[in-house]
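Enquirer: Fold the following for me, if possible:
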Amino acid sequence: MKKLIVFYFLLAVPAARVFAQETEKKVRIDVTDGYQRENFHWSIAGNSNGQNPDVFSELKWMKLGGQSLAANLQWNVYQKFVFYADYNRLFITSGTVNDSDYSGDHRTGSTYNQTFNAGKGHTEGWAAGAGYQLVNNRLLKLVTFAGYNQNRQALFLYGDANRFPDLNSSYSTAWKGVFIKATAAIKLTDKLKFNADVTYSQVNYNATGNWNLITTFKHPVSYRHHANGYGINGGGTLSFDITKNIAVQAGAGYLHWQTGNGIDQLYLSSGEIDKTQMNGAYRNGFRVFAGLIISID
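Expert: Numbering: from 1, shown residues only. Take a look at the predicted model:
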């Protein structure tokens with residue numbers, strides 16, 4: 001990300017000298033609809049030292065896909081200062097999840113391995129912050145932002161009428177923290193622009209799980225996960241002005257989020273609480289989309 005921001009600056013400096021200031025739109029609203037697909041996994045060790053074995057149990061959600069809606073707002077509040085907000089939601093309609101347990105280190109000695117349905121649930125995120133226009137001319141617009149964001153996942157593993165009909169377990173996550181963001185718009189022709197953005201988030205990760213068929217676990221919270229992590233989101237679009245204040249756009253984006261080692265707290269129906277090492281949570285995916293850009297003078 002640092003290399004990308006440096007590249008933006010190298011573009012910005014000569015452009016700012018050559019081109020006149022671009023007339024600023026007061027408000028910009030982006031609305032997009034598309035398809036998103038993600039993978040997500042986490043594992044725990046056999047004890048709090050990350051041993052016996054190093055991977056005791058592992059959950060992998062694979063190819064979680066569905067319709068993805070997103071919107072963001074940029075409001076030029078005063079001179080070069082900008083207010084920013086966004087929201088996105090993925091409606092999961094397809095995917096599977098694998099649950100594996102091991103007795104030996106390095107995922108050896110398999111003691112359990114089953115794959116279940118995961119084609120329901122959702123992910124969502126929102127962010128709010130403030131930005132400053134570093135460059136705004138006829139060729140290039142470059143804005144940097146900082147703020148706070150939250151991202152959540154509501155994931156499931158469930159059976160069907162012929163296989164594990166009573167299974168309906170869930171795992172819910174919350175990634176919360178601060179972010180920095182850079183956006184760039186490069187004018188290719190009078191009406192065509194290339195837009196790019198990159199966001200880095202530093203977050204706290206908290207999750208709860210409900211394994212509904214395991215009677216030795218408490219319900220509705222069977223266990224909790226706590227860790228620290230980060231996220232990187234990036235994307236690019238092409239936009240074409242169809243009127244003075246309306247443009248159409250199409251593009252794609254990528255996300256990668258992960259945590260370091262954390263804590264797994266298991267709540268037993270007996271009232272006991274067992275703790276072990278959570279080996280990290282990992283989320284990655286892509287999105288393709290199209291939509292509108294609405295500008296207000």
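Enquirer: Contacts only, for residue 72.
Expert: 29, 30, 84, 85, 86, 87 (Cβ atoms under 8 Å, 6 or more residues apart in numbering). C-betas here are computed from N, CA, C, even on glycine.
Enquirer: Would you list the buried entries among those residues?
Expert: Taking 16 or more other Cβ atoms under 10 Å as the criterion, what is buried in these is 30, 84, 86.
Enquirer: For this structure, just list every one of the strands.
Expert: 27-44, 57-78, 81-104, 108-117, 122-136, 140-160, 163-187, 192-210, 223-241, 246-259, 262-267, 273-296 (DSSP state E).
Enquirer: In the sheet, which strands lie alongside the last one, parallel or antiparallel?
Expert: Meaning strand 273-296. The partner list of strand 273-296 in its sheet, established with DSSP bridges, is strand 27-44 (antiparallel), strand 246-259 (antiparallel), strand 262-267 (antiparallel).
Enquirer: Turn those strands into CSV, including mean pLDDT and distance to residue 122.
Expert: Shown next, in CSV, are the strands paired with strand 273-296 (pLDDT from 0 to 100; distance: least, Cβ to Cβ, whole Å):
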stretch, mean pLDDT, distance to residue 122
strand 27-44, 98, 11
strand 246-259, 98, 15
strand 262-267, 98, 23
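Enquirer: how about the ones you listed, which one is nearest residue 214?
Expert: Nearest to residue 214, of all the strands paired with strand 273-296, is strand 262-267, at 10.2 Å by Cβ to Cβ.
Enquirer: And that closest one, what's buried?
Expert: 262, 264, 265, 266, 267.
Enquirer: for stretch 155-168, same thing?
Expert: 155, 156, 157, 158, 159, 164, 167.
Enquirer: Looking at those residues, which is nearest residue 132?
Expert: Closest to residue 132, out of all of the buried residues of stretch 155-168 and judged by Cβ to Cβ, is residue 155, at 37.0 Å.
Enquirer: My guess is the closest one contacts residue 119. True?
Expert: No. With contact defined as Cβ atoms under 8 Å, residue 155 does not reach residue 119; the gap is 10.6 Å.
Enquirer: Which pair of the buried residues of stretch 155-168 spans the longest distance?
Expert: Top of the distance list for the buried residues of stretch 155-168 (Cβ to Cβ): 155 and 164, 16.5 Å.
Enquirer: For this structure, which residues score under the pLDDT cut-off?
Expert: The model of the chain has pLDDT under 70 over residues 1-24.
Enquirer: ok, the spatially most central residue of it - contacts?
Expert: With distances taken as Cα atoms, centre = their mean, residue 255 lies nearest the centre of the chain, 5.7 Å away. Listed by Cβ under 8 Å, 6+ apart, the contact partners of residue 255 are 38, 231, 232, 233, 283, 284, 285, 286, 287.
Enquirer: now do 6 Å
Expert: Going by Cβ atoms under 6 Å, 6 or more residues apart in numbering, residue 255 touches 233, 285.
Enquirer: likewise residue 145?
Expert: Residues in contact with residue 145, defined by Cβ under 6 Å, 6+ apart, are 84, 129, 131, 181.
Enquirer: how about 7 Å then?
Expert: The neighbours of residue 145, taking Cβ atoms under 7 Å, 6 or more residues apart in numbering as the test, are 84, 129, 130, 131, 180, 181.
Enquirer: same check, this time on residue 230
Expert: Counting by Cβ under 7 Å, 6+ apart, the residues that residue 230 touches are 200, 201, 202, 203, 258.
Enquirer: Out of the contacts of residue 72, flag the one nearest to residue 186.
Expert: Proximity of the contacts of residue 72 to residue 186 (Cβ to Cβ) peaks at residue 30, which lies at 16.5 Å.
Enquirer: ok, the spatially closest residue to that closest one that is not a sequence neighbour to residue 45 distance?
Expert: Nearest residue to residue 30, sequence neighbours excluded (Cβ to Cβ, 6 or more residues apart in numbering): residue 72, at 4.9 Å. Distance from residue 72 to residue 45, counting by Cβ to Cβ, to the nearest Å: 39 Å.
Enquirer: repeat for residue 71
Expert: For residue 71, the distance to residue 45 equals 40 Å [Cβ to Cβ].
Enquirer: Comparing these two, which shows the higher neighbour count?
Expert: A count of neighbours by other Cβ atoms under 10 Å puts residue 45 above the other of residue 71 and residue 45, at 21 against 15.
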